[in-house]
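Engineer: Return a 3D structure for these sequence lines:
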Amino acid sequence: MTDDPYVTHRRLLFTVAYEMLGSAVDAEDVLQETWLKWHRADRAEVRDPRAYLVRIVTRTSLDRLRAVARRREEYVGPWLPEPLLTSPDVAEDLELADSLSTAMLLVLETLTPTERAVFLLRDVFDLGYGELAEAVGKSEVAVRQIAHRARGRVAERRPRKAASQAETRTALEAFMSTLRTGDLQHLVDVLAPDVVALGDGGGIKQALPRPVMGADKVGKLMGVGIAAAREMGMSMELVDVNGWPALLIRLDGEIDSVLSVRVDEGLVSAIYTVRNPEKLSRMVEESSLTR
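Structural biologist: Below is the predicted model:
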């Protein structure tokens, strides 16, 4: 008996849904709907199970993305993608890791749902234009135009110079050093002049109600936060999150938050802190991702 194609391709399907939605919870819901549709399908009519399943996931994700738009608009404070603890093999796939980073997922949020689907399926998952057209319900000519437009918009918002894993890790070590020693200069030295800090508490945990911009303001903010963290006995651990180095922050042994950064030309240009406990469940064990 051969394996069920849904089971065989589940990691890929989850990755597509997560990249479309930025939420593991919503991605799992999409996979459940995909499983139901797959098992109701006439298998005799399915020539390529992988392509068929990707098409179902894409269409279901598009429906879900439009449905959660209102929820995102009503979200308390800045919205950040749900962080995923990932295995080393995700970081080794540079294109996949780049597409999974918090910075890139936020760039994808600026695209229309269809642009997002086309960009991801073409540039990340390498689907042909014919398959893309079927997945999003557009003509092949239209899909090529959408891909070109989406690619341009992403390029405008990407880091000026792609950071390496090592550069990102070095920047995060400055945070750890400041927590350990109390010397804020370690941290200030790696901040870009136009750095922005975003915090996601979802109205459940205290977080930044709005973005904080500029090295002076962010430096002071981080200084106050780290001083408080030292008093409370917080700990920081370097882990892989969405394929990139990030800090897992614990208080009294319990996961409190996840901090990730965007690095441009060797300096931290953005700091993302997720404290919403509803978004931290995927930090307990590694998520299986592939393309």
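
Engineer: if you go through this protein in chain order, where are the helices?
Structural biologist: Assignment of helices within the chain using DSSP state H yields the ranges 5-8, 10-21, 24-40, 49-67, 69-73, 88-92, 94-100, 102-108, 113-119, 129-136, 140-157, 165-181, 185-188, 215-232.

Engineer: What residues of stretch 7-25 count as buried?
Structural biologist: 9-10, 12-24 (16 or more other Cβ atoms under 10 Å). Just so you know, the C-beta spots here come from the backbone N, C-alpha and C atoms, and that holds for glycine as well.

Engineer: and which of these is nearest to Pro81?
Structural biologist: Closest to Pro81 out of the buried residues of stretch 7-25 is Gly22 (3.7 Å), distances taken as Cβ to Cβ.

Engineer: separation between the most centrally placed residue in the chain and Gln145?
Structural biologist: By Cα atoms, centre = their mean, the chain has its centre lying nearest to Thr102, at 4.1 Å. Remark: distance between Thr102 and Gln145 (Cβ to Cβ, to the nearest Å) = 29 Å.

Engineer: so what's Glu167 up against?
Structural biologist: Shown here is Glu167, whose contacts under the criterion Cβ atoms under 8 Å, 6 or more residues apart in numbering are 263, 266.

Engineer: for the worst-scoring helix or strand of the chain on mean pLDDT, packing partners?
Structural biologist: Lowest mean confidence among the helices and strands of the chain (mean pLDDT, DSSP states H and E): helix 69-73, at a mean of 84. Under the contact criterion of 3 or more Cβ pairs under 8 Å, 6 or more residues apart in numbering; DSSP states H and E, helix 69-73 touches no helix or strand at all.

Engineer: Just the buried positions in that helix, please.
Structural biologist: So, applying 16+ other Cβ under 10 Å, helix 69-73 has no buried residues.

Engineer: pretty sure Tyr18 contacts Thr290?
Structural biologist: No - counting by Cβ atoms under 8 Å, Tyr18 sits too far from Thr290 to count as a contact (11.4 Å).

Engineer: export the helices of the chain to JSON lines and tack on distance to Ala246?
Structural biologist: Formatted as JSON lines, those follow (distance: least, Cβ to Cβ, whole Å):
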{"stretch": "helix 5-8", "distance to Ala246": "30"}
{"stretch": "helix 10-21", "distance to Ala246": "16"}
{"stretch": "helix 24-40", "distance to Ala246": "15"}
{"stretch": "helix 49-67", "distance to Ala246": "25"}
{"stretch": "helix 69-73", "distance to Ala246": "22"}
{"stretch": "helix 88-92", "distance to Ala246": "11"}
{"stretch": "helix 94-100", "distance to Ala246": "11"}
{"stretch": "helix 102-108", "distance to Ala246": "8"}
{"stretch": "helix 113-119", "distance to Ala246": "23"}
{"stretch": "helix 129-136", "distance to Ala246": "31"}
{"stretch": "helix 140-157", "distance to Ala246": "20"}
{"stretch": "helix 165-181", "distance to Ala246": "7"}
{"stretch": "helix 185-188", "distance to Ala246": "16"}
{"stretch": "helix 215-232", "distance to Ala246": "16"}
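
Engineer: Which of those sits closest to Gly201?
Structural biologist: Of all these, helix 215-232 comes closest under Cβ to Cβ, at 13.1 Å.

Engineer: next one: that closest one to chain centre, how far?
Structural biologist: 25 Å (Cα atoms, centre = their mean, to the nearest Å).

Engineer: Going by neighbour count, which residues in that helix are buried?
Structural biologist: Buried residues in helix 215-232 (16+ other Cβ under 10 Å): 215, 218-219, 222, 225-226, 229.

Engineer: any idea which of those residues is closest to Val196?
Structural biologist: Val218 (7.4 Å).

Engineer: So for the nearest residue to Ala246 once chain neighbours are set aside, what's the pLDDT?
Structural biologist: Nearest residue to Ala246, sequence neighbours excluded (Cβ to Cβ, 6 or more residues apart in numbering): Ser260, at 4.1 Å. In this prediction, Ser260 carries a pLDDT score of 97.

Engineer: Quick check: bridge partners of Ser260?
Structural biologist: On the basis of DSSP bridges, Ser260 is bridged to Tyr272.

Engineer: contacting residues for it?
Structural biologist: Ser260 touches 83, 101-102, 241-242, 244, 246-247, 271-272, counting by Cβ under 8 Å, 6+ apart.
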